[in-house]
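# next come a sequence and a model predicted from it.
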Amino acid sequence: MKKGFMFVWIVGLLLMFVGCAKSVEPNEELVMGDIQENVKDSADETSGTVKEEAPESVVESDKDKEDATSPTEFDVENYLNEHYSLDNSHFEAISWENEDTGTTDYTVNIVPDLKEHSNEMKEKFQNAHMNIYEEIETMTEAAKQMMDELPKINSKLRIDSVNWVSHDGEFSVMLLQDYENSSIKVEGKKSSKTLSQFSSQQIECARVWLLLGPNQEIDELNVRIIPAGEPVNPHDETSATYPEEVIQLTGSRLVDGSVTYSGNGDGTINVYNVPLRFEKNVPEDLDRNYMRILTEGMIENTELVYVDPGQEEDIIELIKLQKIH
């Protein structure tokens, strides 16, 4: 009996352990399931965060790239000085918005670093109609390259004109201009340029012709700088010489007439009553001092004239027609 009781007691214990084991397994599965679910959720959240941040990072990179080449961020002046450097000179760029083309346009000035070099180049430009100078050809070639290449870097940027400007800013020569896309008044459209973008000499020449030019319907305005000491009549060795540098303005035809003057820097000019061309075949019986006396009279009897500022658009129209010789 004692053995039978022990057997029954052992069997009862075994049944109790089995029952406990079965009751624990579902709890363990529930707990493990919660842990796995939490791990999965955590992984999904982490994965989701990465996926959301990656595109944002890419967008910022693209924006930085766009800003780097936008007209407001791109330093044209610095770029030109780095890529088109010229000996003893530097570039200065003046910008404005072209309403007709939607581009940012530039007037580029080549300015000598030193006064001595400026005076040397000014003399060469004044004699450019008689001689070919390597420095001028180099500048013109650089102007063509930068005008062609800048829009390829950024389609919203364009060079309207390239000029050589003396060290003191009083003398300038237009080397090249993009007339086809120029924002200067065309076919009745209002100009988006202002006079501040031109040299004082360009403005003065235009104002003088607007005031004194015999014919206003011209297709070009030729500007010839005549240095002091040049003969008034270049075809006569007895001619008197100019005591100062003068400027002679002419159209493309004889009928357009001419104006010869010197500027005083105060809004007034000295007008020389000099014909565009002197007669080459003069009577042989004339006094040998005739031409000297005639040309001395032209120099001594200059007329002081106040130059009216004129209308800005009219001045810009004439600047567009200027050709420096």
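In hand now; what should we look at? None of the values given here were measured: they were computed from a predicted structure.
# my guess is residue 206 is in a helix, correct?
Yes. Residue 206: assigned to a helix according to DSSP: H, G, I helix; E, B strand; the rest coil.
# contacts only, for it.
221, 310, 314-316, 318-319, 322 (CB atoms under 8 Å, 6 or more residues apart in numbering). Yep, even glycine has a C-beta here, placed from its N, CA and C like the rest.
# again, but for residue 245
Applying CB under 8 Å, 6+ apart to residue 245 gives the contacts 225-228, 262.
# likewise for residue 162?
108-110, 139, 142-143, 146-147, 174-177.
# return the member of these nearest to residue 247.
Of all those, residue 247 sits closest to residue 174, with 15.1 Å by CB to CB.
# the closest one - that's part of a strand, no?
Yes. Looking at residue 174 with three-state DSSP, it is inside a strand.
# nearest residue to it other than its sequence neighbours?
residue 163 (5.1 Å; CB to CB, 6 or more residues apart in numbering).
# mind listing the residues bridging to that neighbour?
Note on residue 163: beta-bridge partners by DSSP bridges are residue 109, residue 174.
# that one: how many residues sit nearby?
Residues near residue 163, counting by other CB atoms under 10 Å, number 23.
# go ahead and confirm it touches residue 175.
Yes. With contact defined as CB atoms under 8 Å, residue 163 reaches residue 175; the gap is 6.3 Å.
# shared neighbours, these two?
residue 110.
# wait, what's in contact with residue 172?
Residue 172 neighbours (CB under 8 Å, 6+ apart): 109, 163-166, 198-199, 201-202, 324.
# return the subset of these lying in strands.
Those of the contacts of residue 172 mapping onto strands are 109, 163-165, 324, per DSSP state E.
# can you put the contacts of residue 162 in TSV and add neighbour count?
Formatted as TSV, the contacts of residue 162 follow (neighbours: other CB atoms under 10 Å):
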residue	neighbour count
108	25
109	21
110	22
139	23
142	22
143	22
146	20
147	20
174	21
175	21
176	19
177	19
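# from these, which is closest to residue 256?
Nearest member of the contacts of residue 162 to residue 256, counting by CB to CB, is residue 174, at 19.8 Å.
# quick revisit: which single one of the ones in strands among the contacts of residue 172 is nearest to residue 124?
Nearest to residue 124 among the ones in strands among the contacts of residue 172: residue 164, at 9.9 Å, using CB to CB.
# let me know whether that closest one touches residue 176 as I believe.
No. With contact defined as CB under 8 Å, residue 164 and residue 176 do not form a contacting pair (10.5 Å).
# just the helices in the stretch 101-250 of the chain please.
Using DSSP state H, counting those that start in this stretch, the helices of the stretch 101-250 of the chain run over 115-126, 134-153, 200-212.
# out of those helices, deepest packed?
A comparison of these by mean neighbour count, using mean count of other CB atoms under 10 Å, puts helix 200-212 on top with a mean of 21.
# with just CA atoms, put that helix into CSV.
Backbone C-alpha positions of helix 200-212 (Å, rounded to 0.1, in the frame of the first residue of the first chain) are rendered in CSV as follows:
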residue,chain,number,x,y,z
SER,A,200,32.6,110.3,-70.0
GLN,A,201,34.2,110.5,-73.4
GLN,A,202,31.6,108.4,-75.1
ILE,A,203,28.8,110.5,-73.5
GLU,A,204,30.6,113.8,-74.4
CYS,A,205,31.0,112.8,-78.1
ALA,A,206,27.4,111.9,-78.4
ARG,A,207,26.2,115.1,-76.7
VAL,A,208,28.5,117.2,-78.9
TRP,A,209,27.1,115.6,-82.1
LEU,A,210,23.5,115.8,-80.9
LEU,A,211,24.1,119.6,-80.4
LEU,A,212,26.4,120.5,-83.3
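# tell me the mean pLDDT for that helix?
In this model, helix 200-212 has an average pLDDT of 92.
# about what we covered before: dump the contacts of residue 206 to JSON lines, plus distance to residue 95 and neighbour count.
Output for those, formatted as JSON lines (distance: CB to CB, whole Å; neighbours: other CB atoms under 10 Å):
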{"residue": "221", "distance to residue 95": "26", "neighbour count": "24"}
{"residue": "310", "distance to residue 95": "25", "neighbour count": "16"}
{"residue": "314", "distance to residue 95": "24", "neighbour count": "14"}
{"residue": "315", "distance to residue 95": "21", "neighbour count": "21"}
{"residue": "316", "distance to residue 95": "17", "neighbour count": "21"}
{"residue": "318", "distance to residue 95": "23", "neighbour count": "22"}
{"residue": "319", "distance to residue 95": "18", "neighbour count": "22"}
{"residue": "322", "distance to residue 95": "22", "neighbour count": "21"}
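# pick out the most distant pair among those.
That would be 310 and 322, which, of those, are the farthest apart (CB to CB) at 14.8 Å.
# buried subset of the contacts of residue 245?
225-226, 262 (16 or more other CB atoms under 10 Å).
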